[in-house]
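**Q** please find the sequence and the predicted model below.
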Amino acid sequence: MRRREFIAGLGSAAAWPVLARAQQPTMPVIGFLSSGAPGQFAPAVASFMQVLREAGFNEGQNLVVEQRWANNQYDRLPEMAADLVRARVSLIAAIGNNLPARAAKAATSTIPIVFFMGADPVALGLVDSLNRPGGNITGVTSIIVDTVQKRFQLLHDMVPNARRFGFLLNPDNGPNPDNVSNRPAVIDARDAVRTWGGTVEVASAKAAPEFDAAFAKFAERHVEAIFIGGDALFASEIGHLIRLAAQYAVPVIYGFPGSARTGGLMSYSVDNGDLLRQAGLYAGRILKGEKPGDLPVVQPTKFTLAINLNTAKALGLTIPETLLATADEVIQ
């Protein structure tokens, strides 16, 4: 293949036939497999790619990137993962939630996988342990044991008289999809609110049209404050969720960044860009020969609390001074 033709072809790598890609044995190929949409994860992917450049891998020079975006249609992920395997990628970067990682692991036991998600990879059976993942997979998780409890504590601090709390989650994102009430996160939530005599109502939504029914259920159960989990679907549909929170005049804390800046009451979340840098660092090390199973799963060390004063005022809430003092970002 002539150099001019090769460079022109890099711009449309996703359309290359599998055979053509397989004929590039000296050029590593990273396959991005995501449950979300390209725009949703653009900043995070940029962080990932920047670290790869620092490691000496430059797209268009000595690296090819394949991208597969499910656009929140999770049932597409298994075939997308299989397609990347057929393309003989050197590494799969599975981002968005736990479903890309699960689809990738089901599709291959040999191609290295680096995941980024907000679930416990041990509980999901993706890795043997956080310190020694084993097999062909490792990555970054944004969850730690007390994250859910911390978020419900923050809700309690914001609305101290509330006793009925709501928990919205995606049944497809995590263990026990048919019985979400027994998930570890829900058990953690109930343990947290029990401390002040509270109860937790659980609602599920696996697509945006189901949000309205979930909020209606919360209203019927007289829920006074809600936690919305850190799912890629919820993050991509944040505007819809904020409108429903305003419609029902209910305080909501979100588990993903940027929601308070968009009009949500408050969020408690990790810096996804920083974690994607960690994932990019692992990808570079694996491309240079390290084994994914020997690289410990990275966990977050810093969370950010953001509060929107205008939304609090619209809800008639007086934010305790102690809560404002602990906030990392206060939106006027």
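**A** Right, received. Where do you want to start? Residues are numbered from 1 along each chain as shown.
**Q** can you map out the strands along this structure?
**A** Using DSSP state E, the strands of the chain run over residues 29-34, 64-69, 91-95, 113-117, 137-141, 164-169, 199-204, 225-228, 252-254, 266-270, 303-308, 329-331.
**Q** adding mean neighbour count, distance to E321 and mean pLDDT, write these out as TSV.
**A** Backbone N, C-alpha and C define where each C-beta goes, glycine included. Shown next, in TSV, are the strands of the chain (neighbours: other Cβ atoms under 10 Å; distance: least, Cβ to Cβ, whole Å; pLDDT from 0 to 100):
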stretch	mean neighbour count	distance to E321	mean pLDDT
strand 29-34	25	41	95
strand 64-69	20	44	95
strand 91-95	28	38	96
strand 113-117	29	36	94
strand 137-141	26	34	94
strand 164-169	24	23	96
strand 199-204	18	27	95
strand 225-228	26	19	97
strand 252-254	28	18	97
strand 266-270	26	15	91
strand 303-308	20	12	94
strand 329-331	15	12	95
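**Q** just send those strands back as a markdown table, with distance to M49 too.
**A** Below are the strands of the chain laid out as a markdown table (distance: least, Cβ to Cβ, whole Å):
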| stretch | distance to M49 |
| --- | --- |
| strand 29-34 | 9 |
| strand 64-69 | 8 |
| strand 91-95 | 10 |
| strand 113-117 | 13 |
| strand 137-141 | 15 |
| strand 164-169 | 30 |
| strand 199-204 | 34 |
| strand 225-228 | 29 |
| strand 252-254 | 27 |
| strand 266-270 | 19 |
| strand 303-308 | 23 |
| strand 329-331 | 26 |
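**Q** so which of these gets nearest R190?
**A** If you check each of these against R190 by Cβ to Cβ, strand 199-204 wins as the nearest, at 5.0 Å.
**Q** residues making contact with stretch 312-323?
**A** 154, 157-160, 246, 249-251, 265, 307, 309 (Cβ atoms under 8 Å, 6 or more residues apart in numbering).
**Q** among those, who's most crowded?
**A** L265 (30 neighbours; other Cβ atoms under 10 Å).
**Q** any idea how far G31 is from the residue nearest to M27 when sequence neighbours are not counted?
**A** Leaving out its chain neighbours, the residue that sits closest to M27 by Cβ to Cβ, 6 or more residues apart in numbering is V64, at 5.7 Å. Distance, V64 to G31, by Cβ to Cβ, to the nearest Å: 9 Å.
**Q** wait, what's in contact with the spatially closest residue to P38 that is not a sequence neighbour?
**A** Nearest non-adjacent residue to P38, counting by Cβ to Cβ, 6+ apart: W69, 5.4 Å away. Contact analysis of W69 by Cβ under 8 Å, 6+ apart lists 32, 34, 36-38.
**Q** which of these sit farthest apart?
**A** F32 and A37 (12.1 Å).
**Q** distance of the residue nearest to P38 from L33?
**A** 9 Å.
**Q** one more: I319?
**A** 40 Å.
**Q** equivalent analysis for H156, please.
**A** 38 Å.
**Q** now swap in D191 and tell me
**A** For D191, the distance to L33 - Cβ to Cβ - is 34 Å.
**Q** next one: A216
**A** Distance from A216 to L33, by Cβ to Cβ: 34 Å.
**Q** check F115 too.
**A** Taking Cβ to Cβ, one finds F115 at 9 Å from L33.
**Q** can you check which residues contact both of these two?
**A** 93-95, 100, 104.
**Q** where in the chain is the helix or strand with the lowest mean pLDDT?
**A** Sorting the helices and strands of the chain by mean pLDDT, DSSP states H and E puts helix 3-10 at the bottom, at a mean of 39.
**Q** helices of the stretch 101-250 of the chain, residue ranges please.
**A** Here the stretch 101-250 of the chain has its helices, by DSSP state H, counting those that start in this stretch, at 147-158, 184-194, 211-220, 232-236, 238-247.
**Q** kindly reformat those helices as a markdown table containing distance to G255 and mean pLDDT.
**A** As requested, the helices of the stretch 101-250 of the chain are exported to a markdown table (distance: least, Cβ to Cβ, whole Å; pLDDT from 0 to 100):
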| stretch | distance to G255 | mean pLDDT |
| --- | --- | --- |
| helix 147-158 | 7 | 93 |
| helix 184-194 | 10 | 90 |
| helix 211-220 | 15 | 97 |
| helix 232-236 | 8 | 85 |
| helix 238-247 | 11 | 97 |
